[in-house]
Structure formats: structure tokens, C-alpha cells
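S.K.: got a sequence here, can you model it:
(2 chains, ligands or ions: 2)
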Amino acid sequence: MALQTKGFTLGQLTEAKTCCEPIPHLSVHNLSVKYQHKTVLENVNLDIYKGCITALIGPSGCGKTSFLSTLNRMTDMIAGASVSGKVLFHDDNILNQPIDLLTLRRQIGMIFQKPNPFPLSIYRNLALPLREIGIKDKQLIDYKIETVLKDVGLWQEVHHQLDMTATKLSGGQQQRLCIARALVLEPEILLMDEPCSALDPISSAVVEDLIVSLRGRYTVVIVTHNLAQAKRVANYAGFFWMQERVGKLVEFGRSQHLFDQPQNELTAAFVNGRKG
Amino acid sequence: MAERLFQAGIWCAALLVLMVLFWLVQGLLDQGLAKLSVDFLFSQPQNAGRDGGISSILVATLLILAVTLLVALPLGLASAVWLAEFTATHNFWARKVRLALDVMAGVPSIVFGLFGYAFFSLFLGMGFSILSGGLTLACMILPVFIRTCEIGLRSVNNSWRQGAAALGMPKIKAVWFILLPAALPAISAGLILGIGRATAETAALMFTSGYVDRMPGSVMDSGRALSVHIYDLSMNVTGGDAAAQASALILLMIIMVLNMLAYAITDLWLGRRVLNGFAN
Ligand SMILES: Nc1ncnc2c1ncn2[C@@H]1O[C@H](COP(=O)(O)OP(=O)(O)O)[C@@H](O)[C@H]1O
Ligand SMILES: [Mg+2]
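M.R.: Ligands and ions are numbered 1, 2, ... in the order given. Predicted structure coming up:
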């Protein structure tokens, strides 16, 4: 694995889960999300720590995707969605209206549940976002593409067919390409919405290893339905639950604590499989 | 069993269509084939079209078509992009525009002809000219073209829109590099429909590009389109049937070539830039 390549945001990869120091990278205060007039998420407070992997768990429909989408303002694309509260990123509230959305989304990348490579060649999938940020030099583009494909472990598999249509790759390869596409912009934070749930178990394990390898270099927030996976990869974990048909953050803390000594009844029931 | 019946039905329908086409062409071959020659294509009409060829008419037809496409393509794509990507589905203005387009799509071509005559020829002072005819045809094919492209764009996988947005790509770039190429099959289908309608149009052109069968010197000259020529030969010129049928054969061939061209270009594009079949 070529993990010592460029593109670090937070320094070298370190192995231990304890690599993270709790320095907030994103601070979420009193966050609520409404669709039309229906509140789906209320009063969420938490910090996302720099270089750590934060897992968000909870049953379907409790607002995890909605929460994630507020962090890079993808909620702007949903008609009728309104968000209140504060999300601090570099001391700025990214929920404020006058903000450079394009730059924000380059700093905070997003991976979707269903892999969504563009129906273009593998090469163009990665070159397009680079051109968009003003990198025109072909050599530099080639270099960055090679680096990032090595980073996600795809280089060996695809370097001889970079002009193949990306949608012909397998699901797992597509998802790794999507991660590469986000990483090529050198973001600080990666938001992942159930990145493995559309993949077969083997591809899922490969992508999971990749996510673990991002620890320390990027701040990762991952929503997952797979509790075992959350337990394996996460430094911090948050548990969402519906209360009176409104999503709430019930418990948040170090992953071990949340899974092994949950403070809340609901969390205990959920992580032990008694509920949800 | 039901499937068998269904398949048989489909075959019958296809056969029927082919037979109608065959019958049509056969009627044209009768006198038209004898008249067809290379000379027919490259010489000017004489004796009101009974003799000579159709060179000036082909030139006028292609010029009219060129004007039509040059105007309809960018305008149509821009409108479709606006409707599909830059307005909410229930936006007040978008709904009004859509309604207007759907109404316009059903307006008979002669009405477009009268409009073109009044607006382009008289009001804008273009007179009887290829420009006026081309613009009138553009107005005529735009409604269907815009709506086809809009629907094509709307049916493009939404996850690509999200993906592009999540990479901080401006919307217009996503449209240009990803959504429009992905909607290309619909766009070319719309274009083929439009070209077919424009090439076959007679009524709208009689009022706008006129009858003059001389070789046009520019788009400001009047020019006689192939369809107008056929109409004139068969309705107003005694002894013009052979020439009319030969011209009709050429018209059929032009439409066929244009269709194949459109398909070929789409295939090329799809093969190169987009995937083969949008499966995952
Ligand atoms: N675009 C939308 N419009 C209206 N309601 C929505 C929309 N997206 C999600 N919801 C609703 O918001 C709630 C939370 O959804 P979501 O954030 O997708 O939850 P999760 O990702 O945890 O399954 C659900 O009840 C869902 O029906
Ligand atoms: Mg979800």
C-alpha cells in the first residue's frame, strides 16, 4: 500500500485508534433539520474531531443522512429543506448564507451510499474535478491521479485501462473510485453515507480497510448500518434515535464507551441488538 | 403463449409499417427512377421544373435546414437546461413556459408560416428569404425539441448531480460535462424528429422562403425548398410528375441520411464519452 504518498491533510497515518486528539474540526450546535414543516432532526450537539473516524449509527429514518448533508450544505439541493443551528468550521458558521459553497464542498467531500462515478472514463472522473479547481497542467494531473489511485488501492487494477468507462468497474471498484475522486481535491473532511451498504461483503471489507487507512490523514464521518463495522473503524460514535417521530442524537462519545458501556438505555438496547 | 402472441403482434406491426413504406416508395419509383441521375442533382431546374435538375433547390433546402439547426440547437438546449436544471418543477414561470411549448407543439404549420411571414418577413424586413424560412422552421420545431431534451435531462441519474455538487463543481459545468452527454440519446431523438419535420415542411415555407427556384446567392435570397418544389410540380405544373417523384425520392434519401448521421454521431459520442447502456 502506498500510503506514504502526498495528499495528506493531517500528517502521516498512524496506526493506533488512539491517534486522535479531540481537537474539534467541526462543531455542531443546536442543529435542527426540517423538510417543509416536518422536523426530522432536532437539537443535535456534537464535535467532529480532527483526524478521527466518527461513526453515526441508528435506525433508518432517524435523520443520519440529513445530518451528514448539512455538514457540506448538500441540503441546499433539496427543495423545502431548512436547517437551523450552527456548524463551526475554521471558526465560521457554514450554515450562514453568504458562504462559498463550491470551496466548502471541496474541503468537505462526500461519498454516497450508491457508488456514483460519472459515466465518463476513469481518467476523466478524476481529471474533471481537478480541472475545475484550476489545475490544467497535464503532468500534474497525471501525477495526482496516479497518487490518489494508489492511495485507494485501485492503481494496480486499473492503470492499464484508465480510458475505460468508470461505470463498467465492479461496485467495490466504483466506490473506491468515488473515494479517490473526493480525495483528489485534497479535502480536510470526508462524509460517507453508508459507503459499504450497496457492496458485496468482500468489496465491503476492502472499502472498510481503505476507510481505516484514511484515519489520521483526513477527518472522516461515516454513517453505517453495520454495527460491527462501526465498532471496528470508529474512534468516536454517535447514536441517533427517533423520539416522538423526531430524530435526536441520544448518545455520543468514544466508540469503545458507546459500544461497551453505553450510558443510555436506548443505546444499550440498540447496540446489543435488542432494538432497531 | 401470451408472449408468443405478443411477439407475433409486434412482427405484424413492423411488417405493416414496412409495407406502407414499400408501397410509398414503389409509387415514386414508377416514374421517378427514370428521371434520377447525377445530372438531375447537379443542374438547375428548367421549364418550371419539368426539365433540368434540382441543384438550386437542394442548396436552398440545406441552407434553410442549416439556419434552422443553427438557431434551434443552442436555443433549444439552453431552454431545456433552464427548464430541467435551473427551475424547480413547480416554478410559476417554468410551468407557464411548459404550457406554452406544449400548446405551440400542436399548432398547425401553416400558422407558423403566417407568423413567420408577418414577423420575420414583414416586421423584421427579411422579405421572402432563406433566413426567414429557416427561422420560421426553428420556431416550429423548438417546442418538441425543448420538451424532449428537458425530459431527457430530467431522466438522467440524480446521483450524478449530487456527485458533481459534492465535488464543488458549478452546476453549469455538471450540465455541460456530465448531464448533457448522458442525455444525448434523448437530445438526438428530439433533433431527428425536428429535422424530419423541418425537411418535410411545405406550408410554413411557402410564406417565408418563397418559391424562387434560382440558385440562392445568400441566406437573404429567396429559395425554394425541396418539399415546396414537389408540391409545386405536382399541383401547379402539368407534366411535372416525373420530376416531382424524383425529387421526392431525393427528399426521402436526405431524411434517411440525416437520421443515420444523427444515430452515428450519438453512438460515437456514447462510445467515447458515455457508457454503453447505462447499467452499473
Ligand atoms: N427530501 C426529503 N423530503 C422530505 N422528507 C425527507 C427527505 N429526505 C428525508 N426525509 C425524511 O426525513 C427523515 C430522515 O431521513 P434520513 O435523513 O434519510 O434518515 P436516515 O439516513 O437516518 O435513514 C425520514 O423520515 C425521511 O422520510
Ligand atoms: Mg440514510
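S.K.: low-confidence ranges in the chain?
M.R.: The chain I'm using is chain A. In the predicted model, chain A carries pLDDT under 70 at residues A:1-20, A:276.
S.K.: oops, I was thinking of chain B
M.R.: Using pLDDT under 70, chain B drops low at B:270-280.
S.K.: please list the residues of chain A that sit near ligand 1.
M.R.: Taking C-beta under 6 Å from any ligand atom as the criterion, the neighbours of ligand 1 within chain A are A:35, A:40, A:60-66, A:78. Just so you know, the C-beta spots here come from the backbone N, C-alpha and C atoms, and that holds for glycine as well.
S.K.: out of those residues, which sit inside helices?
M.R.: Among the residues of chain A next to ligand 1, the ones falling in helices (DSSP state H) are A:64-66.
S.K.: what is the nearest of the residues of chain A next to ligand 1 to B:W93?
M.R.: Of all the residues of chain A next to ligand 1, B:W93 sits closest to A:I78, with 21.1 Å by C-beta to C-beta.
S.K.: what's the local residue count around residue 126?
M.R.: Reading this off chain A. 27 (other C-beta atoms under 10 Å in any protein chain shown).
S.K.: that was the other one, I meant chain B.
M.R.: What B:M126 shows, counting by other C-beta under 10 Å, is a neighbour count of 22.
S.K.: cool, B:R98 as well?
M.R.: 18.
S.K.: A:E42 now?
M.R.: Neighbours of A:E42 (other C-beta under 10 Å): 19.
S.K.: quick check, central residue of the chain?
M.R.: Just going to use chain A. Ranked by distance to the mean C-alpha position of chain A (C-alpha atoms, centre = their mean), the top residue is A:L191 at 2.0 Å.
S.K.: my question was about chain B, not that one.
M.R.: B:I195 (1.3 Å).
S.K.: show me which residues of the stretch 1-150 of chain A sit near chain B.
M.R.: With the criterion set to C-beta under 8 Å from any C-beta of the partner chain, the stretch 1-150 of chain A comes near chain B through A:72, A:74, A:77, A:79, A:101-106, A:109-110, A:112, A:114-121, A:124, A:128-129, A:132-133.
S.K.: please redo it, this time with the cut-off set to 6 Å
M.R.: For the stretch 1-150 of chain A, the contact set with chain B under C-beta under 6 Å from any C-beta of the partner chain comprises A:77, A:79, A:102, A:105-106, A:110, A:116, A:118-119, A:128-129, A:132.
S.K.: which among the residues of chain A next to ligand 1 count as buried?
M.R.: By neighbour count, with 16 or more other C-beta atoms under 10 Å in any protein chain shown, these hold A:40, A:62-66 as buried.
S.K.: now, among the ones in helices among the residues of chain A next to ligand 1, which is nearest to chain B?
M.R.: A:T65 (11.3 Å; C-beta to the nearest C-beta).
S.K.: just to revisit the earlier point, out of the residues of the stretch 1-150 of chain A next to chain B, who's the most crowded?
M.R.: A:F118 leads the residues of the stretch 1-150 of chain A next to chain B on contacts (other C-beta under 10 Å) with 32 neighbours.
S.K.: now that one, what's its secondary structure?
M.R.: coil (DSSP: H, G, I helix; E, B strand; the rest coil).
S.K.: what sits against it?
M.R.: A:125, B:160, B:178 (C-beta atoms under 6 Å, 6 or more residues apart in numbering or on different chains).
S.K.: in the chain, which spans are strands?
M.R.: Unless you meant another one, I'm taking chain A. A:24-35, A:38-49, A:53-57, A:81-89, A:92-93, A:108-111, A:189-193, A:219-223, A:236-243, A:246-254 (DSSP state E).
S.K.: wrong chain, I was asking about chain B
M.R.: Applying DSSP E to chain B gives strands spanning B:45-46, B:51-52.
S.K.: let me have those in JSON lines, adding mean neighbour count and distance to A:D47 as columns.
M.R.: Shown next, in JSON lines, are these (neighbours: other C-beta atoms under 10 Å in any protein chain shown; distance: least, C-beta to C-beta, whole Å):
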{"stretch": "strand B:45-46", "mean neighbour count": "18", "distance to A:D47": "83"}
{"stretch": "strand B:51-52", "mean neighbour count": "16", "distance to A:D47": "86"}
